[in-house]
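Asker: How does the following fold in three dimensions:
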Amino acid sequence: MTQQPNPSARAAEVPQAVDYDEPGLLLQLEPEAARLLDRHEKVAVEWFPHDYIPYRLGRDFDKEPWTPDQPRLTGVAQTSFEIGLLTEDNLPSYHRLIHGMFGNGDGAWLNWVGRWTAEEGRHAIVLRDYLTVTRNIDPIALERGRMTQLQHGYDHDAPDTLHGLAYVTFQELATRIAHRNTGRYSDDPVADKIMVRIAADENLHMVFYRDIISAALKIEPSAAVRAIVDEVLAFQMPGSAIPGFLRKAAQIAKAGIYDIRVHRDEVLMPVIKHWGIFELSGLDAAAEEARRQLAEHLDKLELAARRFEAKMAESPFPRMAGAR
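Answerer: Residues are numbered from 1 along each chain as shown. Purely as a prediction, here's the structure:
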């Protein structure tokens, strides 16, 4: 996971009222969760963080302390790596929340939580080793940031199943794209290779959650649509407590690593189209109203993206290659 901004996010809390049989839904979805976990384990590639780190560049910090002239990464690339790592560090909080969604036991849901947690743990390892060995970020500031982030945690009540699954679908895709773009923007082949590897993991995680929601839409279509729209309207990534986050998030958006256009066109739209949200029939009145709100929200994001692009076209701020 990474922490990148959604400039359109609203501050309102996501409604968490459960008007469907949540235990029953989990039970009905468990065979599909087992199938998707089996599929994931067959396609996931085992990899080792140490294979991606240029240890030959390492030097002893007690003999040669870090100084600001040492990083090759500077500016937004450095900021985006920092935000990404500090967000990944909060894995214990994320594990607690996802475990809370699925309850106790040893079935497919809990087996998935364990697998997901183990794979996500590698991301912070490889990012920290890279940044430390290459001296691309002040290691003291990075450790202090980690301490702040983990002590603050991500303190939210566990969401109900449909809201939680909808949220992590969008979040995993947002993370994949933000990590991939951070690697590209860094102009460092080693950093780019690391981010390509992490992004591949995040994509598989997104596919699991996306496809389990597809199954849920067949069982509880109206409740699922309402949950999806709730999460789109209130979408925020889990790292806003990072010191200086708003300023850093604005820089990341200006660079084109993760801005309104990326959020709308590369995160929201592909998943919404995959689920066929606007083609579903037989929804209740509340779900129809939610779908109307979703269309309105997407239109507003399009207008906001165009305004932002026009502003950036006149700005000297260095944008990522290909960013509009």
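Asker: sec struct for the residue nearest to Gly145 when sequence neighbours are not counted, please.
Answerer: In space, and not counting its chain neighbours, Gly145 is closest to Leu86: 5.1 Å by C-beta to C-beta, 6 or more residues apart in numbering. All C-beta atoms are positioned from the backbone trio N, CA, C, and that covers glycine. Secondary structure for Leu86, judged by DSSP: H, G, I helix; E, B strand; the rest coil, is helix.
Asker: Leu86: neighbouring residues, count only.
Answerer: 24 (other C-beta atoms under 10 Å).
Asker: Could I get the buried residue list for whatever helix or strand Thr117 lives in?
Answerer: Following DSSP states H and E, one finds Thr117 within helix 108-133. Counting neighbours by 16 or more other C-beta atoms under 10 Å, one finds that the buried residues in helix 108-133 are 108-113, 115-116, 119-120, 122-124, 126-133.
Asker: Which stretches in the stretch 101-250 of the chain count as helices?
Answerer: Assigned by DSSP state H, counting those that start in this stretch, the stretch 101-250 of the chain shows helices spanning 108-133, 139-152, 161-186, 189-219, 221-233, 245-254.
Asker: Find me the pLDDT at Thr74, would you?
Answerer: Each residue has a pLDDT score; the one for Thr74 is 85.
Asker: From Gly244, how far off is it?
Answerer: 16 Å (C-beta to C-beta, to the nearest Å).
Asker: Between helix 189-219 and the helix holding Thr117, find me the angle.
Answerer: 160 degrees (axes from the mean of the first three to the mean of the last three C-alpha atoms, to 10 degrees).
Asker: Helix 108-133 versus helix 139-152: what angle between them?
Answerer: 160 degrees.
Asker: Which strands or helices does helix 108-133 pack on?
Answerer: Applying 3 or more C-beta pairs under 8 Å, 6 or more residues apart in numbering; DSSP states H and E, one finds that helix 108-133 contacts helix 22-43, helix 75-88, helix 91-102, helix 139-152, helix 189-219.
Asker: most tightly surrounded among the ones you listed?
Answerer: Among the helices and strands packed on helix 108-133, helix 75-88 has the highest mean neighbour count (mean count of other C-beta atoms under 10 Å), at a mean of 24.
Asker: circling back to that earlier point, closest one to Ala44 among the helices of the stretch 101-250 of the chain?
Answerer: Proximity to Ala44 (C-beta to C-beta) singles out helix 189-219 among those, at 5.9 Å.
Asker: Which other helices and strands does the closest one contact?
Answerer: helix 22-43, helix 108-133, helix 161-186, helix 221-233, helix 269-275.
Asker: cutoff 6 Å now
Answerer: helix 22-43, helix 108-133, helix 161-186 (3 or more C-beta pairs under 6 Å, 6 or more residues apart in numbering; DSSP states H and E).
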